[in-house]
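A.B. asks: just need the structure, nothing else, for what follows:
(2 chains)
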Amino acid sequence: MNVGKIDLKNPLILASGILGSTGSSLNRIAKLGAGAVVTKSIGATPREGHPGPVLIKTDTGFLNAIGLPNPSYKYFIEELNDFNRYCPLIISVFGANRSELVKILKNLEEYADAFELNLSCPNVKGYGMDIGKDPIFVENITREIKKITNKPLWVKLTSNVEDITKIGVAAENGGADAVVAINTVKGLGIDTESGYPLLGNVYGGLSGRMIRPIGLISVYSLYKKLKIPIIGVGGIENYKDAIEYFMAGARAVEIGSGVYNNINIFNEIKSELDLYLNKKGIKLEELIGLAHRRETEECNNQKSEEREQRY
Amino acid sequence: MKNENKDIKTFFFDKDTALGSPGQYLMVWIRGIDEIPISLSYKNAITIEKIGSATSTLFNLDKNDSLGLRGPFGNGFEIIKESKVLLIGGGIGLAPLLYLANVLKDNNNDITVLIGSKNKRKIFFDNEFRKMAKVHISTEDGSFGVKGNVLDLLKGSVENVNIYDMIYACGPDKMIRSLLDFFNMENILEKTQFSVSRIIKCGLGICGSCSIDPKGLRVCRDGPVFYGTDIIDSEIGIYKRNHAGIRYKL
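C.D. replies: Residues are numbered from 1 along each chain as shown, chains lettered A, B, ... in the order given. Okay, the predicted model is just below:
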């Protein structure tokens, strides 16, 4: 299946930041059934990330501020050389400006089936969400990057804005091949024993089950405004969660925190999804955006009811 | 709190219940500084070597101070019963082995312990181990016991490693590598368990900072204890990654 100009083995993709720091770790997930894998976000210079705690388990999810640790594009190449190409590879990249991104993309281009531009990390100042909230910046940087690389470009959006569709439209206008929604939702936790914020970075990003409704409304709203494909992400733990995203308008989904409970989640959702489609006698294609078509039907029904009442 | 030597201290928690099983670890939060993974050295205690800012801050804590704890995490040692076992520890790697020895003793095992230390001054836990095991010691400078490393000690003090039903080891990467290669030669890897160390950030098997090549095993979740057969072909003892994920040779 072709989504955002790359051929996926299936619509279930490993999300960035999860077990994507090394070639062998990516190989492991690829062999466990992922349709494609996204690497940890890679930057221009090595970063150690934030001091701990970097990840806290909450009631039905996680709060994290890992802080974009990465070896830089230069040292990430040896990890990419270890990747066995068992599925397509999407390299997630972040940068503070155009010149950083040019360096990263030029050096990693030959390894990538596509790039995912991280404009949405909520826990590092000057990168990610800080710059990804501004539609004009998003449109311009997307356009610039499309000039640098011929590889497909996906733009990962933050939901920490008043209207995510403005950012999505900006990415589309800039020439993005797909948008990915959503990154984690900004959040805070406090230690009641001491008063210290629970994360070393003070605030972080919320992921897991509890953010699924936020991801769904984001995908749903983007679908109404965009022509390019949407990749849904946020709180997917089983095949029904994935189906919700397809029905909201996603052509593929990414899975991150869901790997915590079950590292074999890709294989399992894939077979359950096949079972569901077989039972219903439909194709995945028919699920995509179904909730929008139902909404239209409902409107039409209401209108005809009104009409009947009138006459 | 108990001083084991100049740079090593044991911290007992006020809970009397077991905080985990031998080989499991806690994420210890030194508020405002950092969070670090530490194996249990008793059912309710951790033993720490002063090496960085987090551990130095820990050393300055007072008796009733509190710490943030997450865990226990990871897979610990598999315990066997009524058998002959050998424990091999180097440096701070002895910490999880002391808790292990206590539990192995409760399970009526015949225990032998090999302790590797840089010098006489750095030896610790030897008296604790003597209460339940035969103990042999080596020092790199020869200031106590056999001169050399634990592999020299093993070859010198144990005639035949095949007499042991299980061998448990924990220590620096280089030590683990030398033991892995030796046990591989002796064809007894399936009877060996190693606790290994990597940079653990999340502790939950999500972030990937502790993945080891080539299988992508997560030390924090799939380990930290692995059978020798699982890690003989791994990066252990050959290279590691730093906090940014850059590889460096050992």
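
A.B. asks: now do the same for the residue of chain B found nearest chain A: helix, strand or coil?
C.D. replies: In chain B, the residue that lies nearest chain A is residue B:35 (2.9 Å; CB to the nearest CB). Yep, even glycine has a C-beta here, placed from its N, CA and C like the rest. Per DSSP: H, G, I helix; E, B strand; the rest coil, the local secondary structure of residue B:35 is strand.

A.B. asks: again, but for the one 3 residues further on
C.D. replies: State at residue B:38, reduced to three classes by three-state DSSP: strand.

A.B. asks: enumerate the residues of chain B near chain A.
C.D. replies: Within chain B, the positions near chain A by CB under 8 Å from any CB of the partner chain are B:27, B:29, B:31-36, B:66, B:68, B:70, B:201-209, B:211-216, B:218, B:241-247.

A.B. asks: which non-adjacent residue is nearest the residue of chain B closest to chain A?
C.D. replies: residue A:52 (2.9 Å; CB to CB, 6 or more residues apart in numbering or on different chains).

A.B. asks: wait, the one you found touches residue B:200, no?
C.D. replies: No: in this structure, residue A:52 is not within contact of residue B:200 by CB atoms under 8 Å, at 9.3 Å.

A.B. asks: in the helix or strand harbouring residue B:181, which residues are buried?
C.D. replies: Per DSSP states H and E, residue B:181 falls inside helix B:173-185. Neighbour-count burial for helix B:173-185, counted by 16 or more other CB atoms under 10 Å in any protein chain shown, picks out B:173, B:175-180, B:183.

A.B. asks: repeat that for stretch A:120-131.
C.D. replies: Applying a neighbour-count criterion of 16+ other CB under 10 Å, one finds A:120-124, A:127-131 buried in stretch A:120-131.

A.B. asks: returning to that earlier point: neighbours around the residue of chain B closest to chain A, how many?
C.D. replies: The burial count assigned to residue B:35 is 28, neighbours taken as other CB atoms under 10 Å in any protein chain shown.

A.B. asks: one step back: could you identify the buried members of the residues of chain B next to chain A?
C.D. replies: In these, burial by neighbour count holds for B:27, B:29, B:31, B:33-36, B:68, B:70, B:201-209, B:211-213, B:215-216, B:218, B:241, B:244-247, counting by 16+ other CB under 10 Å.

A.B. asks: contacting residues for residue B:23?
C.D. replies: B:39, B:74-77, B:96, B:100, B:193, B:195, B:224-225 (CB atoms under 8 Å, 6 or more residues apart in numbering or on different chains).

A.B. asks: enumerate every residue touching the residue of chain B closest to chain A.
C.D. replies: A:51-54, A:200, B:27-29, B:54, B:68, B:70.

A.B. asks: so which of those residues sit within helices?
C.D. replies: Per DSSP state H, helices hold the following members of the contacts of residue B:35: residue B:54.

A.B. asks: can you list the residues of the stretch 201-311 of chain A near chain B?
C.D. replies: A:256-257, A:259-260, A:263.

A.B. asks: settle this for me: residue A:67 is touching residue A:127, isn't it.
C.D. replies: No: assessed by CB under 8 Å, residue A:67 is found out of contact with residue A:127, at 10.0 Å.

A.B. asks: start and end of stretch A:222-234, how far apart?
C.D. replies: 15 Å (CA to CA, to the nearest Å).

A.B. asks: so what's residue 231 up against?
C.D. replies: In the absence of a named chain, this looks at chain A. Residue A:231 sits in contact with A:3-4, A:13, A:154, A:178-181, A:250-254, where contact means CB under 8 Å, 6+ apart.

A.B. asks: should've been chain B
C.D. replies: Residue B:231 touches B:180, B:194, B:196, B:212, B:217, counting by CB under 8 Å, 6+ apart.

A.B. asks: what of residue B:53?
C.D. replies: Residue B:53 makes contacts with B:33-34, as judged by CB under 8 Å, 6+ apart.

A.B. asks: for residue A:197, see how far away it is.
C.D. replies: Residue B:53 sits 19 Å away from residue A:197, taking CB to CB, to the nearest Å as the criterion.

A.B. asks: what helices or strands is the host helix or strand of residue A:13 leaning on?
C.D. replies: Element membership for residue A:13, per DSSP H and E: strand A:12-14. With contacts defined as 3 or more CB pairs under 8 Å, 6 or more residues apart in numbering or on different chains; DSSP states H and E, strand A:12-14 has these neighbours: strand A:36-38, strand A:252-255, helix A:265-280.

A.B. asks: starting from that strand, tell me which strands it pairs with and how they run.
C.D. replies: Within its sheet, and counting by DSSP bridges, strand A:12-14 is paired with strand A:36-38 (parallel), strand A:252-255 (parallel).

A.B. asks: what residues does the last one touch?
C.D. replies: Judged by CB under 8 Å, 6+ apart, the contacts made with strand A:252-255 from elsewhere in the structure are A:1, A:3-4, A:8, A:11-16, A:18, A:35, A:38, A:180, A:229, A:231-233, A:236, A:242, A:245-246, A:265-266, A:269.

A.B. asks: just the buried residues out of the residues you listed, in ChimeraX syntax.
C.D. replies: The following ChimeraX line selects those of these that are buried, judged by 16+ other CB under 10 Å:
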select /A:3,4,8,11,12,13,14,15,16,18,35,38,180,229,231,232,233,236,242,245,246,265,266,269
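
A.B. asks: which residues of the stretch 51-200 of chain A lie near chain B?
C.D. replies: Contact residues (CB under 8 Å from any CB) of the stretch 51-200 of chain A with chain B: A:51-57, A:62, A:64, A:66, A:69-72, A:75-76, A:78-79, A:82, A:191, A:193-194, A:196, A:200.

A.B. asks: among these, which ones are buried?
C.D. replies: Buried subset of those (neighbour count, 16+ other CB under 10 Å): A:51-57, A:62, A:64, A:66, A:69-72, A:75-76, A:79, A:82, A:196, A:200.

A.B. asks: and the closest residue to chain B within the stretch 1-150 of chain A, what does it touch?
C.D. replies: The minimum distance from the stretch 1-150 of chain A to chain B, using CB to the nearest CB, falls at residue A:52 (2.9 Å). Contacts for residue A:52 were tallied using CB under 8 Å, 6+ apart; they are A:200, B:27, B:29, B:34-36, B:201.

A.B. asks: and these as a markdown table, adding pLDDT?
C.D. replies: Below are those laid out as a markdown table (pLDDT from 0 to 100):
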| residue | pLDDT |
| --- | --- |
| A:200 | 96 |
| B:27 | 97 |
| B:29 | 95 |
| B:34 | 94 |
| B:35 | 96 |
| B:36 | 95 |
| B:201 | 96 |
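
A.B. asks: quick one: which of those residues is nearest residue A:109?
C.D. replies: Nearest to residue A:109 among the contacts of residue A:52: residue B:201, at 29.0 Å, using CB to CB.

A.B. asks: thinking again about what came up before, who touches both of residue A:52 and residue B:200?
C.D. replies: residue B:27.

A.B. asks: and chain B, what are its domains?
C.D. replies: For chain B, the domain assignment from automatic domain parsing gives the residue ranges B:2-73, B:84-249.

A.B. asks: let me have those domains in a markdown table, extended by distance to residue A:143.
C.D. replies: As requested, these are exported to a markdown table (distance: least, CB to CB, whole Å):
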| stretch | distance to residue A:143 |
| --- | --- |
| domain B:2-73 | 41 |
| domain B:84-249 | 31 |
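
A.B. asks: check the ones you listed for me and report the most buried one.
C.D. replies: Among these, the stretch with the highest mean neighbour count (mean count of other CB atoms under 10 Å in any protein chain shown) is domain B:84-249, at a mean of 20.

A.B. asks: any idea where the helices of chain B begin and end?
C.D. replies: B:53-59, B:94-106, B:126-130, B:150-157, B:173-185, B:228-231.
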